[in-house]
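> take a look and give me a structure for this.
(2 chains)
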Amino acid sequence: MISAFKRQDNWTLIGLFITLLLMIALFSWQSEFFFTTRNFINIGQAISIRGLIAIGLTVVMIAGGLDLSMAAVAAVAGMVTASLITLEVNSVLVGVLGVAAAGVLGAFNALLIVKFRINPIIATLGTLLFYRGLAFVSTGGDNIVIGVNAWSELGRGSWLGAPITVWLFLAVVVLGMCFMRFTVAGNHLYAVGGNSEACRNVGIRVDRLRGWTYVAQACLAGLAGLMLTSQSGTALPSALNGAELDIIAAVLLGGIALSGGRGGLLGTLLGLLIIGVVQNGLILLQVQIYWQSVVRGAILIIAVTLDSLRRGGGYR
Amino acid sequence: MIAMSNVSKAFGQVQALLDVSLNLYPGEVVGLLGDNGAGKSTLIKILSGNYHADQGTFEYQGRPVTINHPADAQALGIATVYQDLALVETRSVAHNIYLGREPRRYGFFMDRRKMEKDATGMLEGLNIRLPSQKVDVELLSGGQRQAVALSRAIAMGGNILLLDEPTAALGVEQTQQVHHLITSMSRQGKAVVVITHDLSDILEITDRIAVLRQGELWAYVPSSDTTTNEIIGWITGVAPPHVRNGAGQ
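The predicted structure follows:
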């Protein structure tokens, strides 16, 4: 018994899991449409694209950083991808270039934060505005319509009965979990978030590791931008505008600390599922749409309050 | 093991260390004492390569060496355990001990099983009892944390251990534990320097006492050859300088 709870984090995961089960039970009881395969696929589809970004953010935050620019990065990647498609560039190359463009933006974030030592909140608030602006400037504010073509398969296709976006998201979650748990680098990221000075003392290359988290986060955001463009057949400069806070909320709900060093991708997955289930359930119950935000906010506040009380006051 | 001769260091107008010569021998514990600002920390930081001495020479096992960087010190097996411990609270005991030196598989993966096994062996060898090496450091007591920090210093290949106030924040029983640990490390043939303000037990756990006063080596004597009161006299400057036995050889 005791061995399972050597990490304080494990309690958070159990709490999240119970919450998720309660939500599922509640909505299944209230709506006959909820507990169906079709609906679970809907939930998966709804959380996958933002989920990709949330996974990247989780890694950044575990290493003690923060990235507010990720949704804007996704929008830029979408615009880049769509422009290349209209130029009839090879599909695979388009994908690679779209993600690479996002990676460059992530490298710029890393440069500001790691080299110029700017607080990540301020640096990525700046790049959030900057990148979002670029997305609009690139077309003078217009959308780029790519319509339905071979590319649409990525965002609309399915495999073994589930959408490709969901498979891709799950693959990233599993790969990310393995990376964070089993590799030396993943374990170092946790240590860096826990005490970066201690890591420097023992010769861990803290700055390089932190820098890579921003690049990886941006690449995942780029991938999300690609999926979204493919799914909707249109690249919008305003894509995912304002989604930053929702994504951060899901990650915090999953037990990641702003101070770093804690939590994991399983927590983020549970956080995303809880928010996805609630959103879906409220729609099925035909609750007025404005309640969505109220409920999500309440869940986040209750979760972090319980967590803080259990830890004996986490924020000091 | 390591000998420092005529080491001086000034910060602007302030002479932090003046002409200090000190030898460290394997299996010997030196208590480094002195009032605040006496130069204890400066001396430790020079030995650990964080400061560069203005003057003075170092010999390691008889051959001259330079210590300009923390990496130089590390290569000589000098490991420092700082007061603030430098542990990662959210990581396990085993990971803290091997932080930055984790056993690897295929160069990329962390060999957690080996790391935990090695940690257990290391803790047993030092006679340290913890609930488990898998537990996160944030759940440990102050004495247990100090034990983890010392274990890391040894895991890093430390043969010369510099301990900065290892018992400053500890209760009586935990202080005892750390003192036992210091004794068992010196029995393993390590050279240990302990900076401390705590004079109780100091004569029992150390082999020699070095007192710094205003940057100078004021007293340097075998622990068996002095008393607590005499040490207080040196620290406060009431007693005249007294360097016996072994200094500056």
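> which secondary structure elements does the strand or helix carrying residue B:145 contact?
Using DSSP states H and E, the element containing residue B:145 is helix B:142-155. Contacts defined by 3 or more C-beta pairs under 8 Å, 6 or more residues apart in numbering or on different chains; DSSP states H and E place helix B:142-155 against strand B:78-81, helix B:93-97, helix B:112-125, strand B:160-164, helix B:172-187. Yep, even glycine has a C-beta here, placed from its N, CA and C like the rest.
> pLDDT wise, what is the residue nearest the centre of chain A at?
Nearest residue to the geometric centre of chain A (C-alpha atoms, centre = their mean): residue A:54, 1.3 Å. Note on residue A:54: pLDDT of 97.
> residues in contact with the closest residue to chain A within chain B?
Taking C-beta to the nearest C-beta as the measure, chain B has residue B:100 as its residue closest to chain A, at 3.4 Å. Applying C-beta atoms under 8 Å, 6 or more residues apart in numbering or on different chains, we find residue B:100 in contact with A:188, A:199, A:202-204.
> for residue A:198, same thing?
Applying C-beta under 8 Å, 6+ apart, one finds that residue A:198 lies in contact with A:191, B:86-88, B:99.
> centre of the chain versus the helix holding residue B:145, how much separation?
11 Å (C-alpha atoms, centre = their mean, to the nearest Å).
> C-alpha coordinates for that helix, CSV please?
Extracted in CSV, the C-alpha atoms of helix B:142-155 (Å, rounded to 0.1, in the frame of the first residue of the first chain):
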residue,chain,number,x,y,z
GLY,B,142,16.7,17.2,7.7
GLY,B,143,19.2,14.6,8.9
GLN,B,144,18.1,12.1,6.2
ARG,B,145,18.5,14.8,3.6
GLN,B,146,22.0,15.5,4.8
ALA,B,147,22.7,11.8,4.5
VAL,B,148,21.5,11.8,0.9
ALA,B,149,23.6,14.9,0.0
LEU,B,150,26.7,13.2,1.5
SER,B,151,26.0,10.0,-0.4
ARG,B,152,25.9,11.9,-3.6
ALA,B,153,29.2,13.5,-2.8
ILE,B,154,30.7,10.0,-2.4
ALA,B,155,28.9,8.7,-5.5
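> from residue B:25, how far off is whichever residue of the stretch 151-300 of chain A sits closest to chain B?
At 3.4 Å from chain B, residue A:202 is the closest residue in the stretch 151-300 of chain A, using C-beta to the nearest C-beta. Distance of residue A:202 to residue B:25, given as C-beta to C-beta, to the nearest Å: 27 Å.
> repeat that for residue B:19.
In this view, residue B:19 and residue B:25 are 21 Å apart by C-beta to C-beta.
> now residue B:49
Residue B:49 sits 21 Å away from residue B:25, going by C-beta to C-beta.
> who has more neighbours out of those two?
Set residue B:49 next to residue B:25 and count neighbours by other C-beta atoms under 10 Å in any protein chain shown: residue B:49 wins out with 20 against 16.
> contacting residues for the more buried one?
So residue B:49 contacts B:67-74, B:78 (C-beta under 8 Å, 6+ apart).
> which parts of chain B sit against chain A?
B:86-92, B:95, B:99-102, B:104, B:108-110, B:112, B:132, B:134-136, B:138-139, B:152, B:156 (C-beta under 8 Å from any C-beta of the partner chain).
> of those residues, select the buried ones using a ChimeraX command.
Selection of buried members from the residues of chain B next to chain A for ChimeraX, criterion 16 or more other C-beta atoms under 10 Å in any protein chain shown:
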select /B:86,87,88,89,90,91,92,95,99,100,101,102,109,110,112,132,134,135,136,138,139,152,156
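> so what pLDDT did the residue of chain B most remote from its centre get?
Going by C-alpha atoms, centre = their mean, the residue of chain B most distant from its centre is residue B:106, 34.5 Å out. Note on residue B:106: pLDDT of 92.
> nearest to residue B:116 among the contacts of residue A:198?
Among the contacts of residue A:198, residue B:99 lies closest to residue B:116 (C-beta to C-beta), at 13.8 Å.
> narrow the contacts of residue A:198 to those in strands?
Counting by DSSP state E, none of the members of these fall within strands.
> in the residues you listed, find the pair that's most separated.
Longest span within the contacts of residue A:198, C-beta to C-beta: A:191 and B:86, 11.0 Å.
> so where's chain B uncertain?
Low-confidence segments of chain B (pLDDT under 70): B:83-85, B:244-249.
> please enumerate the strands of chain A.
Under DSSP E, chain A gives strands at A:144-145, A:158-159, A:162-163, A:234-235.
> so which residues of the chain form helices?
I went with chain A, as the question did not name one. A:9-30, A:37-62, A:70-86, A:91-110, A:120-137, A:152-156, A:164-182, A:184-194, A:196-201, A:206-232, A:243-253, A:265-284, A:291-310 (DSSP state H).
> should've been chain B
Under DSSP H, chain B gives helices at B:40-47, B:70-75, B:93-97, B:112-125, B:142-155, B:172-187, B:202-205, B:228-236.
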